[in-house]
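Novice: Here's a sequence, model it:
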Amino acid sequence: MLPNILAAPDQELTAANSLMSISSQGLNLLAFGVGGVVIAALGPKTGMLVDAISFAVSALSLAVVRMPRTHSSSGANSFVTDMIVGFKFLWNLPTIRAFVGFAAIVNLVGTPLAMVTPVYALDVLHGTASLYGFMQVACCAVGSSEV
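Specialist: Model prediction:
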């Protein structure tokens with residue numbers, strides 16, 4: 001989607017990806033903090049309602065974006081072929097292969113950890129939803145979105 005909205009994708013794509021990453025991480029940091037405050041002040045039901053509304057606004061925003069049509073002459077098999085070619089390319093680069101392996105391990109460990117963090121915050125630390133929200137902010141502040 002991003003290359004299709006840039007005037008000169010070859011020259012602007014790296015900068016645009018960087019801006020999207022920075023804004024995404026910044027908004028995560030802000031959203032976790034605001035979410036913790038909303039839940040602490042108004043309760044978890046209101047927090048879930050605000051979250052649902054924010055997703056609806058996001059979906060509506062994406063629905064009004066008009067993208068130019070791109071035509072693929074290869075058909076449905078092109079996706080599978082492109083994936084195979086891409087995996088072969090990545091597999092032949094030892095550094096990339098190591099990073100992908102490391103990312104897989106981090107995700108395999110981090111996902112279960114993310115599931116038990118709320119329990120840890122509430123039952124072990126005897127905190128509230130606010131503490132969990134602050135834990136989420138702390139994780140974003142150090143560059144991890146796994147918790």
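Novice: Any regions of the chain where pLDDT drops low?
Specialist: 1-2, 4, 67-77, 140-147 (pLDDT under 70).
Novice: at 80 what do you get?
Specialist: 1-11, 65-77, 114, 129-130, 133, 136-147 (pLDDT under 80).
Novice: Show me which helix runs longest in it.
Specialist: helix 9-42 (DSSP state H).
Novice: Next secondary structure element downstream of that helix?
Specialist: As assigned by DSSP states H and E, the chain's next helix or strand after helix 9-42 is helix 44-63.
Novice: Quick check: next helix or strand after that following helix?
Specialist: The first helix or strand that comes after helix 44-63 along the chain, using DSSP H and E, is helix 77-91.
Novice: Can you name every helix or strand that that following helix contacts?
Specialist: The contact analysis (3 or more CB pairs under 8 Å, 6 or more residues apart in numbering; DSSP states H and E) places helix 77-91 against helix 94-119. All C-beta spots, glycine's among them, are computed from the backbone N, C-alpha and C.
Novice: Now the helix it packs on: buried residues?
Specialist: The neighbour-count check on helix 94-119 (16 or more other CB atoms under 10 Å) flags Gly110, Ala114, Thr117, Pro118 as buried.
Novice: out of the residues you listed, who's nearest Ser61?
Specialist: Distance to Ser61 across the buried residues of helix 94-119 (CB to CB) is lowest for Ala114, with 26.5 Å.
Novice: mind giving me TSV with the buried residues of helix 94-119 and columns for distance to Gly33?
Specialist: TSV is the format used below for the buried residues of helix 94-119 (distance: CB to CB, whole Å):
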residue	distance to Gly33
Gly110	21
Ala114	18
Thr117	16
Pro118	16
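Novice: And for Ser54, the neighbour number?
Specialist: Ser54 is flanked by 13 other residues according to other CB atoms under 10 Å.
Novice: cool, the one 10 residues further on as well?
Specialist: Here the count is done by other CB under 10 Å, and Val64 has 6 residues near it.
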